[in-house]
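Q: need coordinates for the following:
(2 chains)
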Amino acid sequence: MSDLRRLSDDIESEISDHLERRVRDLREAGMTAAAARERARAEFGDLSAARRDLLAIDARITTRRQRGRVWSGLASDIRTGTRRLAGQSGPTALTILTLALAIGFAAAVFSIVDQLILRPPPFIHADRLVNVRDRSRPDGVGGGGLLGAEKILGWQQQPAVFERLEAYIGAFFDLTESAAPERVSARVVSLGLIDMLGIRMHIGRPFAEGDGAPGSEKVAILSHGFWTSRFGGSPSTLGSPIVLNDERYTIIGVLARGTTLLSDDESVWLPVDLSAWGAGAPSSRFLAIGRLNAGLDASETRERANVIAAELVKSTPLADTWYLGIDEMRSASLTLPTRQTLYVLLGAVTLLLLIACVNVTSFALGQTLRRDRELRLRAAIGAGRWRLLRECLVETMLLAVAAGLAAALIAQVALDVLLAAAPDGLAFMTTRTVEIDVRVLAVMTAVTLTTGLLAGLLPGIRASRVDLPSALRDGARGSERGLSFGAGIGALVVAEVALAMVLLVGATLMSRTLIAYHALEPGFDIDKVMTAQLFLPTHRYPTEQARRDFFDALDAALRRQRGIEASAHAWGLPPAAGSLSGVLQAEAKEPLSGEQEYFANRVSPTYFETTGTRLLAGRVFTPADADDHVILSEAFARLLWRDEPAVGRRLREGSKGPWLTVVGVAGNVESRWDAAQRSDLQVYYPLALDVPAPDRRPGRSYMPRMLIVRASDLALVPAAVREQVRLLDPLQPVATFSSGAEIYTEPFAQQQFLLTVMGAFAGIALLLAAMGIFGVLSQAVTRRRREIGIRIALGAGSRRLISMLVGRGLALAAAGAAIGTGASLAGVRTLEGLLFGVSPFDAVSFVLVVGLILAVALVACWWPTSRALAVDPADVLRSE
Amino acid sequence: MPSKEASLLQGNLDVLILRALSEGPSHGYGVARWVWDATGGELVVEDRALYIALHRLEERGWVSASWGASENNRRARYYRLSTKGRRALARKQREWSAHAAAMFKALGVKP
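A: Numbering: from 1, shown residues only, chains lettered A, B, ... in the order given. A predicted model of the protein is given here:
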C-alpha cells in the first residue's frame, strides 16, 4: 500500500515540524535542549496513538477523494461519449434502434415463454393441482375423458386422494336481449372452483352455496374482457341482468383481468350445483381439476386412486367404473406444437439479439477505428489502459441503456404484435394475461447491461492495447495500420452473416413447408367458399326438418344475392372436420385388420356443388336420403373394394354397427389433423330427417352447423349472410366467418406464425449483416484512399480495384455462410415435426439462402466500390 | 504550556480552531499558539487532540490542508478555512453566545 506509506510519512513530517517549533520556542525561553525536547513530547501526548488516529482519518479522506475522482471521470466520459455519439446521430440512432427492437422482441417472446411454460399455473397450491379425466380401466386407458356429476360427487368424498375436486365445462349461450344477438362463450363451473384455484374477483362475489340450484335465482359472473367490452367496465353492472338463451341471469361479479380456464374467450361464467344436478338427472359431463391431498406422494397417486375406485364400485355401483386419469398440471396447458413453436421462437429471438449485440460491437469498434489517431496519441502521452477501456465501455453502455429504455416501450407493442399474429389459443389455464411484468423487466435490464458490457469489451481491449512503438512510428500518418482492427470488424461481420443465415434457413424451411402444403390438391375449391358457424336452438328449431327448412329458405335467399352461387350446410369443412376411428367391414368380406382413422362429415345435398368436391361415381345426396346412406372418398372405396365399383355396396363400422349403403364416391380431399397426420379416408353422411337426436340434457340445446357459401367475391358474403339470417330469424346470431382458405391453412397455423416472425427477424438480420459488409468496405476505402489514389495514378485498372474490394466483401459473406451452414445444420433439428414436404437438411433451401446472402453482399459492396473508383489521384496526393 | 487542569470539550476545540484559522492560514503549531494566547493559557489542550481535530475538520471539509515550505525550508502542513468552515464558524459563534448567555443567566453570574 504505497498510499498508506505516503500518508504516514506526511503525518510524521507534520508531527516533527510541530515538535521542532515547540523545542525552538522553549529554548528561546531559556530551556536546555534536552529539557525542551522532553517538555514538547509531554505536551503532545501519546505519540503512537496520535499517529494511528491521524492515519485512520487521512486514509478515509484519501479513499473518498479517489472515489470522487472516479465518479467525476466517469461523468466526463459519459459527457464526451454522448457528444461523440450525437455527432454521428445517423449510425448511432440506427444501432440503438436495432438493439432496441431486438431487446424489445426478446422481452416479448420471453414474457410469453416465461408465463406459459416456465412458471407453474398461477393458482394457489399449483404444485398439487391435477387434471382429472374419466377412465374406464385402472391402467388409465378407455373412457371419454369427461366425468359425470355422480362420479365427481363420489370422488369429492375421498380426501385420501383429493383435498378438493371441482368441475367445469365449456358451453355457448345466445345473448338475446340486444338488437344484434351474439353468441358468447361460457364456462359452467362447480361452486368451489373459483375458490379452490384462488381466482380473484375484480368486483362482486364468487359463486356460493345455493347458486345454480334448481329454483334459485340465476346468477352469472363476467370475464373482465367481456365486462369491459360489453358493459363499458361500469361497476353498476353488478346486480343488473343479462339475458342468455332468453333467460335472465343476475350479474354478481367480474373476474380479475386475464383469468382464463380453457381459452381467452370465456365471456360468462355460470354456476352448476353438482349435488342438485346429480342422481337421476340426465348425464352431463364435466372436466375436473383436483388438488391432491398434501400428504400424498405424487408417485402413489394413481395406485391409491385405483384402490379406492375398486372399493367404490362395490359400495356405490355406477353406470361405468370409478377409475380416473390423473395428470399433473405442470404449467399452462399447451399443445406440443405450440410448445415447440414457442421454443423455436425463443431461439430465433435470441439469434436476433446476438446479431444486434454484434452490431453494437462492430459500431463501437468502428468508433475506435475512427479515433485511431487520437487514441494512439493519448496512449503515447500516457493515458492509462483502464481509462481507454472505460471510455469504450461507457460508450457501449450508453448505447445499450438508450436501447433498453426504448425497448421497454417497444416490448409491449412487440408483445401485442406477436399475440395478434399468433394462432388462437396460445394461452390456456392461466389467470393472468401475458404481459411485460417486473420479472421480464428485470431480465431485460440484465440483457441490456450484459449487451453493453460484452459489446464494449472487445473494442475497449483493442483500444487499450495500442502498440506504442508502432503508434509512435506511424501514428501521425493515416496509414494502413488499421488492418488488425479491420480484421476484428471482419470477424464480427462473419458472425453476423452466420447468425442471419440460421434465421434465413429457418424461415426458408417454414415457407417451403407452406408452399409444399399449398401445392397439394385440396380436392375442393378452398378459394371460392366462405363459412359461418350457426347454432340453431332446439326450442325454435326442434326437428331436423325445421333446421332443414331454415337452411333451405336461407339458401334460396342467398342464391338471389349478387355474386353468390350456392350454399350448403354441414358439420364442417376439411381438412379437420370431424374424425372418427373404428374397425371397418365391407359386406360379405372379413373386417379390415386394425382400427382405421377416418374423417366423417354430415352434409346437405348441395354440399358437393357448393364446395366443388368432385363426384366420381353414383350420385350426391337427395333430401330423401336416410341416415344409412353414405358417400365415400375414392381412397375409402378403394380400401374396401379395390377396383370394383363401390356404389350400391354396403359397409359397417364395428361388428354391431348398422349396414350403410354407398350411394356415391367422391374425390379425395385433403384431410389432416396437423402437419404430420393426415388421412384420405373420408365418409359423408346425409343430414337425414331420421338422425336420432343426440343424448342431451333437458331444456335448451343448440345444433352447431356450418353454413358454407360459394361466391365469386367472398368479401360480400358476411354482410349478405347476416342480412338474410336476420330477415329469416331476428333472434338468430351468426358466429365467426372463416374463408375456406383460412380453414384449409389452420393445421399449419403455427408454421404460418413462425414464418411471419422468423421472416421478419431474418430480414432485419440480413440487413444488419449487409450493413456490416458495407461498413467494412467503406472503412477500407476511406483508410486506403491514399493507396487507391496512387494505384490509380500508376495506372491500375478499375477491374483490379473492383475485384479487390468486391472480393473482400464476398469473402466475408462466404465465410459467414460457411459457418452459418454448420450452425443451421445443428439448429434445424428443432424444427422437425413442424416441417412438411421438406427435410430439415433440405439442400435447395440451403443453396437458396447462401445465394441470397451472396447477392445481398454484392449489393452491399456496390457503393463503397464506386466511391473507390471515383477517387481522384491528384486530390489524394495534394492532400498529403 | 498547560499549567491548569481544565478539560475542553471536542466541539469547543473545533470552534477555537476555526476561529484561529479565521485570522489566516496557519500550521498546527500556529493554531496551538493562538489558542494558548487567546485563552490566556486558561484552557489546556493536548497537542495530539488538536491535530486529530484538525484532520477531522479536513475530513468534514471545513478546513483544507496543503504542504508548504516552513521558515527553515522544511515541509510544513498549512491549514486554511474553507467557505464551508467559515459558515460553520459563524453558526457556532451564534450558538455559543446564545448558550453562554443562557448559562450566565441561569447561574446568576455576570460575564
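
Q: residues in contact with the residue of the stretch 101-250 of chain A found nearest chain B?
A: Nearest residue of the stretch 101-250 of chain A to chain B (Cβ to the nearest Cβ) works out as A:Ile103 at 42.7 Å. Where you see a C-beta, it was placed from the backbone N, CA and C, and this is true even at glycine. Residues near A:Ile103 by Cβ atoms under 8 Å, 6 or more residues apart in numbering or on different chains: A:353, A:356, A:403-404, A:407, A:410-411, A:444, A:447-448, A:451.

Q: can you rerun that using 10 Å?
A: A:349, A:352-353, A:356-357, A:400, A:403-408, A:410-411, A:414, A:443-445, A:447-448, A:451 (Cβ atoms under 10 Å, 6 or more residues apart in numbering or on different chains).

Q: and it, helix, strand or coil?
A: Classification of A:Ile103 using DSSP: H, G, I helix; E, B strand; the rest coil returns helix.

Q: that older thread, narrow the contacts of A:Ile103 to those in helices?
A: Those of those mapping onto helices are A:349, A:352-353, A:356-357, A:400, A:403-408, A:410-411, A:414, A:443-445, A:447-448, A:451, per DSSP state H.

Q: restricted to buried residues, select those in ChimeraX.
A: Here is the ChimeraX command that selects the buried residues among the ones in helices among the contacts of A:Ile103 (16 or more other Cβ atoms under 10 Å in any protein chain shown):
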select /A:349,352,353,356,357,400,403,404,406,407,408,410,411,414,443,444,445,447,448,451
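
Q: near chain B, which of the ones in helices among the contacts of A:Ile103 show up?
A: For chain B, no contacts are drawn from the ones in helices among the contacts of A:Ile103 by Cβ under 10 Å from any Cβ of the partner chain.

Q: distance of B:Ala49 relative to B:Asn12?
A: Distance, B:Ala49 to B:Asn12, by Cβ to Cβ, to the nearest Å: 11 Å.

Q: is it fair to say A:Gly90 lies in a strand?
A: No - assigned with three-state DSSP, A:Gly90 falls outside any strand and is helix.

Q: how deep is it tucked in, by neighbour count?
A: 7 (other Cβ atoms under 10 Å in any protein chain shown).

Q: please apply the same query to A:Leu129.
A: The burial count for A:Leu129: 22, using other Cβ under 10 Å.

Q: next, it: phi, psi?
A: Main-chain torsions, A:Leu129, degrees, to the nearest 10: phi -80, psi 140.

Q: assess the claim that it and A:Leu292 are in contact.
A: Yes - assessed by Cβ atoms under 10 Å, A:Leu129 is found in contact with A:Leu292 at 7.9 Å.

Q: check the contact lists of the two and give me the overlap.
A: Common neighbours of A:Leu129 and A:Leu292 (Cβ under 10 Å, 6+ apart) are A:164, A:328.

Q: who in chain B is up against chain A?
A: B:1-2, B:27-30, B:32-33, B:44-52, B:54-61, B:65, B:67, B:70-72, B:74-77.

Q: got the contact list for the closest residue to A:Tyr744 other than its chain neighbours?
A: Nearest non-adjacent residue to A:Tyr744, counting by Cβ to Cβ, 6 or more residues apart in numbering or on different chains: A:Ile526, 4.4 Å away. Shown in contact with A:Ile526 (Cβ under 10 Å, 6+ apart): A:518, A:573-575, A:611-612, A:669-670, A:739-745.
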